[in-house]
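J.: just need the structure, nothing else, for what follows:
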Amino acid sequence: MDLQTDSAIFAQISQGDQKALELLYERYYHPLCNFAFSFLKSVDYTEEVVSDVFLAVWLKRDTLSIKSSIKSYLFAAVRNHSVNFLKTQKKYFEEIERYEFRNNYNEDADAHLTYAETLQQVEMIIDKLPPQRRAIFILNRMEGMKYKEIADLLAISVNTVQKQMTEAVKHVTQYSSASCVVLFSYFSQHK
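T.: The predicted model follows:
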């Protein structure tokens with residue numbers, strides 16, 4: 001067991017040390033997941049939110065200034081991200097419901113064409129992922145499998161699955177189409 005302080009680990013992360021990030025991840029991942037689950041009530045959402053917080057720490061490592069303890073910062077970030085995630089999910093579901101309502105009561109040919117074009121765009125975004133990353137993304141977001149299940153199925157580590165999902169999410173978020181975001185949300189909820 002590594003006895004480094006959180007501050008020392010964060011200093012190493014600030015210098016670009018990925019091993020230090022992995023150490024922080026191992027130290028706080030499960031407690032943060034337990035905390036996030038109290039808000040989200042979903043293991044999949046919990047894993048996504050906690051992973052996103054660690055990704056944010058890594059991406060902002062050069063400019064991130066933590067005034068409190070690292071532990072307090074991580075728990076506050078998970079709480080905030082969980083609340084924002086729930087608000088976003090509510091907005092997406094409302095958009096999906098409006099879309100379904102329009103399609104159910106107004107069989108508009110343009111709406112079907114837009115949906116087909118958007119679906120094609122989603123498939124193109126996914127197809128741009130490297131093969132293993134694409135498989136992991138589809139298994140998690142579209143098939144609803146947990147990281148551990150994916151790791152067992154593909155005979156890789158859970159850490160590898162988490163890293164590949166982080167990269168896949170970064171790739172997907174490059175695309176700003178609101179309809180793509182809605183469809184990704186929809187697929188991850190309804191498979």
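
J.: buried residues in the host helix or strand of V50, which are they?
T.: In the assignment (DSSP states H and E), V50 maps to helix 43-59. For helix 43-59, a neighbour-count test (16 or more other CB atoms under 10 Å) marks 44-55, 57-58 as buried. Quick note: C-beta positions are derived from backbone N, CA and C, even for glycine.

J.: quick one: which of the residues you listed is nearest I66?
T.: Distance to I66 across the buried residues of helix 43-59 (CB to CB) is lowest for V57, with 9.2 Å.

J.: coming back round to it: can you redo the buried residues of helix 43-59 as CSV with distance to P130?
T.: Output for those, formatted as CSV (distance: CB to CB, whole Å):
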residue, distance to P130
D44, 22
Y45, 25
T46, 26
E47, 21
E48, 20
V49, 25
V50, 24
S51, 18
D52, 21
V53, 24
F54, 21
L55, 18
V57, 24
W58, 20
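
J.: I'd like these as a markdown table, with pLDDT and distance to F75 appended.
T.: A markdown table is the format used below for the buried residues of helix 43-59 (pLDDT from 0 to 100; distance: CB to CB, whole Å):
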| residue | pLDDT | distance to F75 |
| --- | --- | --- |
| D44 | 86 | 20 |
| Y45 | 87 | 17 |
| T46 | 90 | 13 |
| E47 | 91 | 16 |
| E48 | 89 | 17 |
| V49 | 91 | 12 |
| V50 | 92 | 11 |
| S51 | 91 | 15 |
| D52 | 89 | 14 |
| V53 | 92 | 10 |
| F54 | 91 | 13 |
| L55 | 90 | 17 |
| V57 | 91 | 13 |
| W58 | 91 | 18 |
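
J.: which helices and strands sit right next to the one helix or strand L153 maps to?
T.: Using DSSP H and E, L153 maps to helix 147-154. Under the contact criterion of 3 or more CB pairs under 8 Å, 6 or more residues apart in numbering; DSSP states H and E, helix 147-154 touches helix 131-137, helix 158-172.
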